[in-house]
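In: next comes the sequence, and after it the predicted model I'd like to discuss.
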Amino acid sequence: MSNPGQPTVKKGDSGNAVRQAQRALRRTPNTTLVVDGSFGSLTETATKEFQKQVGLPVTGVVDAATWQALPNGNPMPVLSEGATGPAVKSLQQVLTNGAVGLWETTPKGVDGTFGPNTVASVRAFQSWARLEVDGVVGQKTWDAATALEFMVGLQYVQGGQPAA
């Protein structure tokens, strides 16, 4: 099960479990769903669409069966200057591929090391996506309307622990 131990969440609920459900729903791939921790009408509709798609009862409630069918809803890792590894390398590739005609600043290489050039590219992406510009790829950057996490790869989702 990719979302073990999660409570049932429904319209009107809020908090980390709702954020985890929203991230999981974005990975169905309903990349337009906003991850804001508030289970409103759009989250309910996305839940119903997912339930219908996978043959579950269409209730709009993220219950145990829905959690089990959803992809992992855990957050992506926070990446910042000094980080290394395959997630950074994939991020650099996406930043390089998408920069042309959009945020224009590439990381100047795909080496898996989050250095000053990657910081500059992330900052340019954040400005383009109308996010807080800090050069750190945290959850708000992953959750950008362009679904950066989906392009980089969900194989980098952090462990299988329930949302706190």
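Out: Good, I have the coordinates.
In: rest of the way, CA atoms for contacts and neighbours
Out: Noted.
In: got the contact list for the residue of the chain most remote from its centre?
Out: Note on the chain: the largest separation between a C-alpha and the mean C-alpha position, by Cα atoms, centre = their mean, falls on Pro57 (25.8 Å). Shown in contact with Pro57 (Cα atoms under 8 Å, 6 or more residues apart in numbering): Gln51.
In: next one, pLDDT for it please.
Out: If you check Pro57, the pLDDT there is 98.
In: next: the one 4 residues further on.
Out: The predicted local distance difference test score for Val61 is 98.
In: distance check, the spatially closest residue to it that is not a sequence neighbour against Ala64.
Out: Distances taken as Cα to Cα, 6 or more residues apart in numbering place Lys10 nearest to Val61, at 4.8 Å, with adjacent residues excluded. The gap separating Lys10 from Ala64 is 12 Å, by Cα to Cα, to the nearest Å.
In: can you report how many residues lie near the residue nearest to Val61?
Out: 20 (other Cα atoms under 10 Å).
In: try Leu56
Out: Leu56 has 14 nearby residues by other Cα under 10 Å.
In: right, and it touches Ala64 too?
Out: No - in this structure, Leu56 is not within contact of Ala64 by Cα atoms under 8 Å, at 11.1 Å.
In: re the thing from before, the residue farthest from the centre of the chain in helix, strand or coil?
Out: Three-state call for Pro57 (DSSP: H, G, I helix; E, B strand; the rest coil): coil.
In: and if you look at Phe50?
Out: helix.
In: correct me, but the residue nearest to Val61 touches Glu44?
Out: Yes - between Lys10 and Glu44 there is a contact under Cα under 8 Å: 7.2 Å.
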